[in-house]
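S.K.: Pasting the sequence and the predicted coordinates here, then a few questions.
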Amino acid sequence: MQREVGSFPLAPSVRAKLIAAGFSTLQDVADVTATELAREAGISEDSAVKVLQILRRETQSGTSVTLKHTALELLEQEQAQASIITFCSALDEVLGGGVPLTQVTEICGPPGVGKTQLCMQLAVDVQIPECFGGVDGETVYIDTENGFLVERLVDIANACVLHCSLITQAHQQDDQKIAMQRFTLNNILSQTHYFSCQNCAELLAQILVLSDFIAQNTKIKLVIIDSIAFPFRHSFDDLSLRTRLLNMVAQQLINIASQHKIAVVLTNQMTTRIGSSESLLVPALGESWGHAATNRIILHWEGVQRFAALNKASNQKDVTVQFQITHKGFRDVQAVEPNSAKTNSAKSEINPRKRPREHDQEHQP
Ligand SMILES: Nc1ncnc2c1ncn2[C@@H]1O[C@H](COP(=O)(O)OP(=O)(O)OP(=O)(O)O)[C@@H](O)[C@H]1O
C-alpha cells in the first residue's frame, strides 16, 4: 500500500487537504470511513466518498502500483502472460505474441493442412530459453492418431537449435552462450513427454492424471492433444454421452491451463454441416465443444497455399495469415512458391503411420 495519494486523479484542492491532514499514501486511507476522512481532512462528506471511490476503483482495476503481491507472485503473473512462438511471425502477431500460456487453443483443419506439424513446432518452441524470448518449458504430447513422427521432431528441433545458435553468434551475449549448452537436440527430445492413447478410455484416463504429472514436472508449459477429435468421432454411437464427456474434458483442460499456467493445444478435424440451403465445412465435435477453447485457429487450403484464420472475437471477421511448411517446420511465407508442382506433391504427402478415419461427416448436435 505504498502508492501516494497525490498520484491519484483527485481535485488539486482536495489532494492538498488530504496530504496536509497526513493522508499521504494509500495505506493512510486504507481503514478510514468517509465521515472520518471528511472530518480530519476538512472536506465535505460527498468529497470524501468520491475520494474513497476513486482510490478503491483504481486499486481494484489494477492501475495502482500498490504492494499487493509477493515478488514470486509477480513473476508468476508475468510468466502466465507469456506465449509460445509458432515461428510464423504473421500468426504470432494475430495471436498477440504466439500461443498463450494459461489458455486452451484449438487448431482445426482438413487432413494434411499442417495441424500436427504446428503441434510438433510448438513442442520444440516451448523449450526455447528465456534469453531468446522463449518460455524455457517442457511438453506433454498426447497422440491419439499415431501422427507423431520423432524423425520430423528431430528436423524441427535441429532447425530451432541452429536458429538460436546463429543469434548467439551474432549477439555474443554470455547468457545466450550458457543457454545454448543446454538447448540441444537431445535435451529437446528428452523434454518432450510422449503419450499414445489408442481410444477414448485411454485418453480420458490420461487427462485425469495430467494434473498430477504436471505438478511433478513443473517445467511443463505445454500440453498437446493431437487430436481430440479422433477418439470421439470413432466408435461413438451415444451422442449425448459424447457431449457430456466432451464437456468434462473441456472443463478439465481449462482448469489445467489456468491452474498450472500452461498452454493447452488441441487439434480438431473438420466436418461437413449440411444446412437447408448449403453445406459448410466446420470444426468437428459439435457446437457446444466450440466454447471449449479460448482461441480457435482454422488452417485451410486456398489452392496449394496454406492459410491460418483466427477468430479474434465473435463480432469480428476472422484474421487470416499465410503460412508454409518447410523441411525446417512451420514458417512464414517469404515469397510466392516458385515450384507449385513441388508444393502440390507436399499437399498429397501422407504420414503412413496415421490411423485411418472412418468418416468425415457427422451429425452436429
Ligand atoms: N519434411 C517436410 N517438409 C515439407 N513439408 C512437410 C514435411 N513433413 C510434412 N510436411 C507437410 O505436412 C503435411 C502433413 O501435415 P500434418 O501431418 O500436420 O497434417 P494434419 O493437418 O495433421 O493432417 P491430419 O488431419 O491428417 O492429421 C504433409 O502433407 C506435407 O505437406
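M.R.: Right, received. Where do you want to start?
S.K.: Any regions of the protein where pLDDT drops low?
M.R.: Residues of the chain that meet the criterion pLDDT under 70 lie in 1-2, 58-69, 77-80, 235, 312-316, 335-352, 357-365.
S.K.: Could you report the neighbour count for the nearest residue to I207 once chain neighbours are set aside?
M.R.: Spatial nearest neighbour of I207, excluding adjacent residues (C-beta to C-beta, 6 or more residues apart in numbering): Q252 at 5.4 Å. The C-beta positions use only the backbone N, C-alpha and C, and glycine is treated the same way. Q252: 16 surrounding residues under other C-beta atoms under 10 Å.
S.K.: after the helix or strand hosting Q252, next one along is what?
M.R.: According to DSSP states H and E, Q252 maps onto helix 239-260. Counting by DSSP H and E, the next helix or strand C-terminal to helix 239-260 is strand 263-268.
S.K.: For the chain, which residues are neighbours of the ligand?
M.R.: By the rule C-beta under 6 Å from any ligand atom, the part of the chain lying against the ligand is 109, 111-117, 145, 147, 152, 155, 269, 325-327, 346-347, 349, 351, 354.
S.K.: who are the neighbours in contact with the residue nearest to I207?
M.R.: 207-208, 210-211 (C-beta atoms under 8 Å, 6 or more residues apart in numbering).
S.K.: Restricted to helices, list the residues you listed.
M.R.: Members of the contacts of Q252 lying in helices (criterion: DSSP state H): 207-208, 210-211.
S.K.: Buried members of those residues into PyMOL, please.
M.R.: Restricted to buried positions by 16 or more other C-beta atoms under 10 Å, the PyMOL selection for the ones in helices among the contacts of Q252 reads:
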select buried, resi 207+210
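S.K.: buried stuff in the helix or strand containing Q324?
M.R.: In this assignment (DSSP H and E), Q324 forms part of strand 319-326. Applying a neighbour-count criterion of 16+ other C-beta under 10 Å, one finds 321, 323-326 buried in strand 319-326.
S.K.: With respect to the ligand, which of those is nearest?
M.R.: Distances from the ligand to the buried residues of strand 319-326, taken as C-beta to the nearest ligand atom, are shortest for I325 (4.2 Å).
S.K.: any idea how far the closest one is from Q117?
M.R.: 5 Å (C-beta to C-beta, to the nearest Å).
S.K.: Likewise for M180?
M.R.: Distance from M180 to Q117, by C-beta to C-beta: 25 Å.
S.K.: Give me the more crowded residue out of these two.
M.R.: Higher neighbour count among M180 and Q117: Q117, with 23 against 18, using other C-beta under 10 Å.
S.K.: What's the separation between V282 and the ligand?
M.R.: 15 Å (C-beta to the nearest ligand atom, to the nearest Å).
S.K.: Pretty sure that residue sits against M270.
M.R.: Yes - shown here, V282 and M270 form a contact pair, counting by C-beta atoms under 8 Å, at 6.7 Å.
S.K.: Please identify which of those two sits among more neighbours.
M.R.: Using other C-beta under 10 Å, the more surrounded residue of V282 and M270 is M270, with 20 against 17.
S.K.: Quick check: beta-bridge partners of the more buried one?
M.R.: Note on M270: beta-bridge partners by DSSP bridges are P283.
S.K.: That one contacts V113, correct?
M.R.: No - if you go by C-beta under 8 Å, M270 and V113 don't touch, sitting 9.0 Å apart.
S.K.: Would you map the helices across the stretch 1-150 of the chain?
M.R.: Using DSSP state H, counting those that start in this stretch, the helices of the stretch 1-150 of the chain run over residues 12-20, 34-41, 45-60, 71-80, 89-95, 115-125, 150-171.
S.K.: Return the most buried member of the ones you listed.
M.R.: helix 115-125 (a mean of 26; mean count of other C-beta atoms under 10 Å).
S.K.: now for that helix, which elements pack on it?
M.R.: Applying 3 or more C-beta pairs under 8 Å, 6 or more residues apart in numbering; DSSP states H and E, one finds that helix 115-125 contacts strand 104-108, strand 138-143, helix 150-171, strand 220-226, strand 263-268, strand 329-332.
S.K.: then the first one to PDB, C-alphas only?
M.R.: Taking only C-alpha atoms (Å, rounded to 0.1, in the frame of the first residue of the first chain), the coordinates of strand 104-108 have been written out as PDB:
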ATOM      1  CA  VAL A 104      -6.700 -23.500 -24.400                       C
ATOM      2  CA  THR A 105      -6.000 -23.100 -28.100                       C
ATOM      3  CA  GLU A 106      -7.700 -25.300 -30.700                       C
ATOM      4  CA  ILE A 107      -6.100 -25.900 -34.200                       C
ATOM      5  CA  CYS A 108      -8.700 -27.100 -36.700                       C
END
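S.K.: what about V265, how many neighbours?
M.R.: With other C-beta under 10 Å as criterion, V265 counts 31.
S.K.: wait, it sits on I225?
M.R.: Yes - if you go by C-beta under 8 Å, V265 and I225 touch, sitting 7.5 Å apart.
S.K.: Look up how far G147 lies from the residue nearest to the spatial centre of the chain.
M.R.: Nearest to the mean C-alpha position of the chain, counting by C-alpha atoms, centre = their mean, stands P100 at 2.7 Å. Separation of P100 from G147 (C-beta to C-beta): 24 Å.
S.K.: again with M270
M.R.: For M270, the distance to G147 equals 16 Å [C-beta to C-beta].
S.K.: cool, and R3?
M.R.: 52 Å.
S.K.: again with S196
M.R.: 10 Å.
S.K.: In terms of neighbours, single out the busier of the two.
M.R.: For the pair S196 and G147, the greater number of neighbours falls to G147 (20 against 13), based on other C-beta under 10 Å.
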